[in-house]
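A.B. asks: Could you work out the structure for the sequence below:
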Amino acid sequence: MNGLDDMVERVTRQCRARMPVGAAHAAGLLLAILASVASVSPPPAQDFSYGRRLYLDKADCSFCHGWAGDGAGQPQSPGRAAKLRQSQLARDPLITVIQCGVPGTAMPRFDDLAYTDKSCYGMIEAELGDRVPPLPHSTSLQSRETEVLVDYLRARVVGRAPITREECFETLGERVRSCAEYPAAR
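C.D. replies: Numbers count the residues shown, from 1 in each chain. Okay, the predicted model is just below:
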């Protein structure tokens, strides 16, 4: 028994000694319920490492959007990528943009089946013609992977302040010398 269990047992015995049997039983039950609720530990902080790996590696979003989502992608990327740190997109619209891409732009569709039915912006491939978003240069994503990626983006990238040194180290590792060019977090 732990200290909380001991306390519940002690209070229950005291209640039984001072109250009628039915009331003592009810008080003991109430204390047991309260103790079980109080002893439940909070859930651990969500781990976004899988989402970060999807962003940096599998989907290679950083190629166009930059490792920090600031729009500073690789020189050979199509350019003009959205600055995700400045985005205000909610979860569902962001999922749609990743799965369906953006017609008429370089933003690829990460769903292999996009535009085979009307689930993407209510259009099919034949209606878009040459405006169909390209397939990614990396690989497509499963629906669950897209959701994990979006949860990572919304927690760690979308709407965030300018990049900090600590964020650089967290994302790229402690040995990356270029992280020193970013300011320390305040």
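A.B. asks: Chain neighbours aside, what residue packs nearest to the spatially most central residue of the chain?
C.D. replies: Centroid check for the chain by Cα atoms, centre = their mean gives residue 151 as the closest residue, at 2.1 Å. In this structure, residue 151 finds its nearest non-sequential neighbour in residue 51, 5.9 Å apart by Cβ to Cβ, 6 or more residues apart in numbering. Yep, even glycine has a C-beta here, placed from its N, CA and C like the rest.
A.B. asks: How far off centre is the strand or helix carrying the one you found?
C.D. replies: Using DSSP states H and E, residue 51 falls within helix 49-53. Distance, stretch centre to chain centre, for helix 49-53: 9 Å (Cα atoms, centre = their mean, to the nearest Å).
A.B. asks: right, and residue 150 touches residue 91 too?
C.D. replies: Yes. Counting by Cβ atoms under 8 Å, residue 150 does reach residue 91; the two are 5.8 Å apart.
A.B. asks: hang on, the earlier thing: where's the residue nearest to the centre of the chain, which helix or strand?
C.D. replies: Assigned by DSSP H and E, residue 151 belongs to helix 143-156.
A.B. asks: Next: residue 112.
C.D. replies: Applying DSSP H and E, one finds residue 112 in no helix or strand.
A.B. asks: which SS class is the closest residue to it other than its chain neighbours?
C.D. replies: Sequence neighbours aside, residue 140 is the residue nearest to residue 112 in space, at 4.6 Å (criterion: Cβ to Cβ, 6+ apart). On the three-state scheme (DSSP: H, G, I helix; E, B strand; the rest coil), residue 140 is labelled coil.
A.B. asks: what about residue 140, distance to residue 133?
C.D. replies: Separation of residue 140 from residue 133 (Cβ to Cβ, to the nearest Å): 12 Å.
A.B. asks: of the two, who's got more company?
C.D. replies: Taking neighbours as other Cβ atoms under 10 Å, residue 140 and residue 133 compare with residue 133 leading, 22 against 18.
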